Structure formats: structure tokens, C-alpha cells
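Chemist: Generate a structure from the sequence data that follows.
(2 chains)
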Amino acid sequence: MSDAGLILDVRDLKVRAGERLILDGLSLAVRAGEVHAIMGPNGSGKSTLTGVLAGRPGLDVVSGTATYLGRDLLAMPPEERAREGLFLAFQYPVEIPGVNNVYLLKAALNAQRRHRGLPELDAFEFLGLVKAKLAAMRMDEGLLNRGVNEGFSGGEKKRNEILQMSLLEPTLALLDETDSGLDIDALKVVADGVNALRSPARAMVLVTHYQRLLDHVVPDHVHVLAGGRIVRSGGRELALELERRGYDWLRAGNAAA
Amino acid sequence: MNAASPIDRIAEAGRHLPPARVPEWSRRRDRALAVLAAHGLPDRRDENWKYLDHARIAEYPFGTEPRASADLAALEARLLPVPGAVRVVLMDGRLDPGLGTATALAGLEVVDLGELIVREPETALALLRTPGEDVDDRYALLAEALSAGGVVIRVAGGRDIGAPVQLVHVATAAEPSVHQARVVVQAGAGARLTLVEQFVALGTAATLGNLAADVALGEGAELTHLRLHQHGPAAAQVETWSVRQAARSRYAQHLLALGGRLLRSNLRLALEGRAAACRLDGLFLADGERQVDLLTQVAHHGECTVTAQDYRGIAGGRGRGALNGRITVHGTARGADASQSSRNLLLTPLAEINARPQLEIHVDDVQCRHGATIGTLDAAQLFYLVSRGIDPAAARAMLTYAFCQDLLGRLPLEPVRAAARSLVAAALPDRELIEGSA
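Modeler: Just a heads-up that it's a prediction; the model follows:
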């Protein structure tokens, strides 16, 4: 099999959080242009997967590999992963009072540009860019000058994640339950933002508990995560089947999968 | 540096004081010297002084007279920009008219305490509080014994002089020395004043300034008081502030302790009249080998009196910080509202902060809240920033600066606020990483 277009290649990954083994031999290959959905019940290891790929502290890799654009992802510090084009949209974006939202956006974008040998954007150029993105996300400009996520509603926080994503234009976007806690209007705005970023050069991994996000962002591949490994993979129809039959169906049918 | 103890040197200096012009002054000085000789300076056995490095204070040559020698041309660049301010400069504890603003404003009186003591000793003595015998007032007693100068700033009742007063304390000596100063600030009934006070050390000598200051606010008077400490790395400051507030007066203090080898600040504030209110904001940075030790004692006497105290401390390197904050609500203070918050950030394993909030309530029907936290930077916030490609050191600097933001946002006067923001950013570790941060 050719490795052309392979963005992420996770093989037999085992990850522990404290004493508990959360990922137990997970493998996943993601190619340029693809959108993967990873579904699974609570506690199946979905957030651990995105966390370990983004470099969240407190997770210990026991064995296995994760290769990103041909490089050992797990050996890279988290800030380097980001500058190399990996982006994690958090399930629970943290509030950072006192750090201006627009300042964070500019610092993040310029950190990436420096890393790539590009000139930094000045304040004027940056503001022009961010305002255009903001309009696309239907976000209030006032949110730019607030503390990062400070006092944002659940929907505003998630939109802010997508705003950051659209600004940083990642090669690999990991969206951790970005749909949770969103009303239908916010869900559509977020989905539009995600769809706008779909491109042949980019890959996305959507982690979700429910399939309703997948009504708006249609995935190329659907995987079911249970017990720390992918127990079944399929196309779009797998998500619909899960929605209909619940995760218990899969637990029962695990052996047959 | 000195074989003799501070108290021996203080007694020696007391013997060589110029003769007092009036018996009352002579009596007060003798009494102050006698209490100091009998009880000494505070030490770590004293409850409110146990975190202070007394040995460090004892290194300064008590009893010496500073000889000014610093290049005053360097002063201007160090001063906060306070547009239209009346400038008052104390050089090594003495008023320097040459450096201050000569223009007089209606309703504002700026009097040289040193001259007043010579010219009208009775008047001067009446203005100066007699420090108590209790150990927390001991350094004020030292100023009572040895100080020969200072300044009186008075705003007449009902006046808003329409310009801030910029009070600058400059330590100029090129040789190690200790200087004393007294400051009196009085605002008559209904008067309004913004006082921007700044402590600057020019030169690198080991100088210690000891300040005793008395503030009195008449009924309905309002005083906004910014205090910026940015001494040099060898300079130390000990100060004792006494604030008395009449009915409906408002006092807002914004303390920024950003420099110096040691700062010990005592604030004793009495809310005497009904509905008198104070806001006490404080931000200190104790990095390197620095030490910042703050004692605040607020007493609610009047009904419906209000305290809102918000202190933030940051310690890095081997720095040490302490906040002893006591609020006492007396039996007469029904309907009082007191809140005290002390939040502290430790940046390094060897840094130390001791926070002791204390509430003492002697009456029902009051609203009182207090809380103290000491912690490190939030790991989830750090990861969030780093996951966006931001360098970990820059992320730490951003979060440390963020910790100061709401206090900085409450500073008075826009140009002062902007300058103070830059000073705070410049004083924090990894300063270069947060330049341009807004």
C-alpha cells in the first residue's frame, strides 16, 4: 500500500492515564482529504485518543506508534505538533481571563508562521484576516476583546474553537465532541465552519458520541471505539446504524465484528 | 557592614539630634527613643512580623545620614506620566522644592514638614500622629524619633483641585544609608484628590527608607491613591500607613510592589464614620531574592462601612511574599460589608508566599467574606495555549500577566494605567515574550 497522502498513521497504540489503560491497541490511518468520524460510548477512550495525539500531559504511551506526515508524532512537544499543522478543538475549551482572545489568536498564528519561515502578520493585517473569519462564524466582534472563552456560552466556546481552526488552517484537525452542548443553530454554524475547511490537502477526525453532527458533516469513514480499540469501521451507514441500534448492539456483536 | 545593632545605632543617632525647638517636640522624640530602647524593633517572635527577614533589615546602617549624590537627570525617565500633575518630590525623606511643581492651586496646600517643624513646631506636631507603643507601630516610632522632614499635603474642604498630585520618594545616596520621612495627607469634608505616589531608588547603594504616613479623610472626602514601589535591587522600604476615614468618605488604594530588595508595608485603616468605604487593591512581585511583606489591618467602627480588599501576589526565583490581612468588625459596625481576597501564584519551587487572611467580627448583621489561594499556573490553561503552538515559556508569561489584569484594569488615570501595565509586564519573568500584549 502506498503511503502517498497518509497524514496520520496510528498503530497498536496503548495509552495509560494513571493506573488505567485507556487505549488498548488502537490503529487508525487517515489520508489527505478524508474526514473520519470516531464514535463510541462514554469512557471508550475518545478524548484520550485526541489528547494523546495533541500531547496532553498526564497520558502515558505504553506501546505503539503514531506517525504524522512521516514523523514520530509522540516525540514532538505539543507546541511543535500545533506548528506542524495539527489542531485539537477541545471538548471543554478552558476560560483564560486576562488573556485577550485576539492576542491568543495572533500569538498562535504568528508562532506557526515563524516556525514555517513566514513573516509575522502585523496587527492591521491580522485584524483584517480575523474579522473575515469571524463573520463566517457569525461571531460577535466583541468576543475578540474578551478574555479567552471568558464568560462565553457553550456555543460561543465551540465557535471560538472553529474560529481558531479556520485561522490556523491545520493539516490535521481533531475535533473532540465539538457538537456536544450545541443547539441546532450553533451546530449548523459549526458544521458549516468545518465543511468550509474540507480540502484535498487536509484531514479531519471528528470524535462524537451522537451521529447528529454527521448529518451536517458527512464523513468518509466511521469507526467505533470501544474498550480502547476500534472495534468496527465502515462508511456513513455505520453511524446511522449505531444511532438506530445503540452501542449495546456493538458490544454484543463485538466478536462477530 | 555594621557591628552595632540597629537599635544601638538608633540610640546613638538620637543622642546627636539637633536640639528641639519646643519642649513638646523634645518630649515626643525622647519618648519614641525610650520605647525603642526598651522594646527594640520587631522581630520574628512578633506575630505580625514572623515572615520578615529581620537580619536583612539589620544590614542597613541605621543612624546614618544619607548624602545625596545620584544623577537626578535619570529621575525623569523613571516617573509615571501623570498629565497636569502637581509634583511633590521627597529626596531621601526631605522635600526638594527644586524638583517639585511651584505653581499653587486653589484649595491645595503643600507644606515642607522640615521647615514647618523649625518655623511652627506646634503646628507641625499637631499634624503628626503620635505612634503607639505596640510593636506594629514600632517603625513609625522610629520615624517619630529621627525624622527631620517630609511633607504635608492638604486639600481644603469641598475642593476638587482638578489635578492629580504626584508624590515621588527618591533615594539618591551613593553610600549605604537609612533615611526617615513623614507624610501627612488630609482631605477636608467633600474634597477629592488623586494621589499618584512612587518610590524610586537612583543608584545602586543599599538604602533603606522608613516612612510614617498619616491620612485623614473628612466627611464625604474621596482619595484615590496609587502607590508604585520600584526600588533598585539593593534598596529597601519600610512604611507605616495610618488612614482614618470619616462618614461617607471613600479611599481607594492601588499598591503595585514591583521592585526593591525588601518591602515591608503596614497599613492601618480605620473606617470611623457611617458608610465610609475603602477599596484596597494590591499586586506584588517577589522574584529573584526579593521579599515583600504586607500587613493590613482594617477596623470597621461605623455602621454600614465597606471594605473590598483584593490582593494578588506572585513569587518567583527564591522570592518571598507575605500578606497578613486582618479585618476587624467592631460591635458598633452594624450593616458592615467586608470582603478580602488574597490570590497568590508561585512560579518556582523555591518561591514562598504566606497568606494569612483574618476576619474578626463582633456584631451580627454584617456581610463578610474572605478567601486565600496559593497555587501554580493552571495546567489546563497552559496546555490550551501550548496546543495552539505557543511556546511554553511564553504561555507561562501570558498566564502570569493575565493574573494581574483585573487589578491593572482598575488603576486610575489612563496614561498611568498604560504605563503601569508596561512596568508590570517588564517586571515579570520572560518579559520579552509578552511584549505587545494588551
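
Chemist: In contact with the closest residue to chain B within the stretch 1-150 of chain A: list those residues for me.
Modeler: As assessed by CB to the nearest CB, chain B sits closest to A:Gly98 within the stretch 1-150 of chain A, at 2.8 Å. All C-beta atoms are positioned from the backbone trio N, CA, C, and that covers glycine. In this structure, A:Gly98 makes contact with A:Gly147, B:Leu399, B:Tyr401, B:Ala402, B:Phe403, B:Cys404, B:Gln405, B:Asp406, judged by CB atoms under 8 Å, 6 or more residues apart in numbering or on different chains.

Chemist: can you map out the helices along chain A?
Modeler: Ranges of helices within chain A are A:46-54, A:78-83, A:101-115, A:123-136, A:154-168, A:184-197, A:213-216, A:236-252, based on DSSP state H.

Chemist: Include mean neighbour count when you put the ones you listed into CSV, please.
Modeler: Formatted as CSV, the helices of chain A follow (neighbours: other CB atoms under 10 Å in any protein chain shown):
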stretch, mean neighbour count
helix A:46-54, 23
helix A:78-83, 22
helix A:101-115, 20
helix A:123-136, 14
helix A:154-168, 22
helix A:184-197, 17
helix A:213-216, 19
helix A:236-252, 15
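
Chemist: hey, least reliable of those by pLDDT?
Modeler: Ranked by mean pLDDT, those end with helix A:236-252 at the bottom, a mean of 82.

Chemist: Give me the packing partners of that helix, helices and strands only.
Modeler: Judged by 3 or more CB pairs under 8 Å, 6 or more residues apart in numbering or on different chains; DSSP states H and E, the packing partners of helix A:236-252 are strand A:35-39, strand A:221-226, strand A:229-234.

Chemist: Looking at the ones you listed, which is nearest to chain B?
Modeler: The nearest among the helices and strands packed on helix A:236-252, by CB to the nearest CB, is strand A:35-39 at 18.7 Å.

Chemist: what does the closest one rub up against?
Modeler: A:28, A:30, A:46, A:49, A:198, A:203-209, A:211, A:213-214, A:217-225, A:230, A:239, A:242.

Chemist: now check the strand or helix carrying B:Cys404, is it near chain A?
Modeler: Here B:Cys404 sits within helix B:392-409, counting by DSSP states H and E. Yes: for helix B:392-409, a contact with chain A is found by CB under 8 Å from any CB of the partner chain, at B:Pro392, B:Ala394, B:Met398, B:Leu399, B:Tyr401, B:Ala402, B:Phe403, B:Cys404, B:Gln405, B:Asp406.

Chemist: How about that helix, which residues are buried there?
Modeler: B:394-405, B:407-408 (16 or more other CB atoms under 10 Å in any protein chain shown).

Chemist: so can I have TSV of the residues you listed showing pLDDT?
Modeler: Below are the buried residues of helix B:392-409 laid out as TSV (pLDDT from 0 to 100):
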residue	pLDDT
B:Ala394	92
B:Ala395	94
B:Arg396	93
B:Ala397	91
B:Met398	92
B:Leu399	94
B:Thr400	93
B:Tyr401	92
B:Ala402	93
B:Phe403	94
B:Cys404	94
B:Gln405	91
B:Leu407	95
B:Leu408	95
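
Chemist: now, the most widely separated pair of the residues you listed?
Modeler: Largest separation among those by CB to CB: B:Ala394 and B:Leu407, giving 21.8 Å.

Chemist: sorry, back to before: a markdown table for the helices and strands packed on helix A:236-252, including mean neighbour count?
Modeler: Shown next, in a markdown table, are the helices and strands packed on helix A:236-252 (neighbours: other CB under 10 Å):
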| stretch | mean neighbour count |
| --- | --- |
| strand A:35-39 | 24 |
| strand A:221-226 | 22 |
| strand A:229-234 | 17 |
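
Chemist: could you dump those to JSON lines with distance to B:Val170 and mean pLDDT?
Modeler: Below are these laid out as JSON lines (distance: least, CB to CB, whole Å; pLDDT from 0 to 100):
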{"stretch": "strand A:35-39", "distance to B:Val170": "65", "mean pLDDT": "96"}
{"stretch": "strand A:221-226", "distance to B:Val170": "67", "mean pLDDT": "95"}
{"stretch": "strand A:229-234", "distance to B:Val170": "70", "mean pLDDT": "94"}
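
Chemist: okay if I get the ones you listed as TSV plus distance to B:Gly158?
Modeler: Formatted as TSV, these follow (distance: least, CB to CB, whole Å):
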stretch	distance to B:Gly158
strand A:35-39	72
strand A:221-226	74
strand A:229-234	79
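
Chemist: OK, contacts around B:His370?
Modeler: Neighbours of B:His370 in contact, by CB under 8 Å, 6+ apart: B:Gly325, B:Ile327, B:Ala338, B:Ser339, B:Gln340, B:Ser341, B:Ser342, B:Pro357, B:Gln358, B:Leu359.

Chemist: surely the second one meets B:His362?
Modeler: Yep, that's B:Ile327 we're talking about. No: counting by CB atoms under 8 Å, B:His362 is not a contact partner of B:Ile327; they are 11.5 Å apart.

Chemist: List the buried residues in stretch A:54-65.
Modeler: Neighbour-count burial for stretch A:54-65 flags A:Ala54, A:Gly55, A:Arg56, A:Leu59, A:Gly64 (criterion: 16+ other CB under 10 Å).

Chemist: so does it get close to chain B?
Modeler: Yes: applying CB under 8 Å from any CB, one finds stretch A:54-65 in contact with chain B at A:Ala54, A:Gly55, A:Arg56, A:Pro57.

Chemist: what kind of secondary structure is B:Leu142 in?
Modeler: helix (DSSP: H, G, I helix; E, B strand; the rest coil).

Chemist: Relative to B:Gln297, how far out is it?
Modeler: Applying CB to CB, to the nearest Å, the value for B:Leu142 to B:Gln297 is 19 Å.

Chemist: Compare neighbour counts for these two and give me the winner.
Modeler: B:Leu142 (27 against 18; other CB atoms under 10 Å in any protein chain shown).

Chemist: give the contact list for the more buried one.
Modeler: B:Ile10, B:Ala32, B:Leu36, B:Leu41, B:Gln180, B:Asn210.

Chemist: So what's the residue count around the closest residue to A:Leu6 other than its chain neighbours?
Modeler: Among residues not flanking A:Leu6 along the chain, A:Arg31 sits closest, at 5.6 Å (CB to CB, 6 or more residues apart in numbering or on different chains). Using other CB under 10 Å, A:Arg31 is surrounded by 16 other residues.

Chemist: What separation is there between A:Arg31 and B:Asp391?
Modeler: As for A:Arg31, its distance to B:Asp391 is 31 Å (criterion: CB to CB).

Chemist: cool, B:Gly317 as well?
Modeler: 20 Å.

Chemist: on that earlier part again, between the contacts of B:Leu142, which is nearest chain A?
Modeler: B:Asn210 (35.2 Å).

Chemist: hang on, that closest one in a helix?
Modeler: No: secondary structure of B:Asn210 (three-state DSSP): strand, not part of a helix.

Chemist: ok, it touching B:Glu144?
Modeler: No: in this structure B:Asn210 lies outside contact range of B:Glu144 using CB under 8 Å: 10.5 Å.

Chemist: shared neighbours, these two?
Modeler: What both B:Asn210 and B:Glu144 touch, as defined by CB under 8 Å, 6+ apart, is an empty set.

Chemist: wait, what's in contact with whichever residue of the stretch 151-300 of chain B sits closest to chain A?
Modeler: Residue nearest to chain A within the stretch 151-300 of chain B: B:Leu283 (12.4 Å; CB to the nearest CB). Counting by CB under 8 Å, 6+ apart, B:Leu283 touches B:Leu255, B:Leu256, B:Ala257, B:Tyr311, B:Arg312, B:Gly313, B:Ile314, B:Cys404, B:Leu407, B:Leu408, B:Val424.
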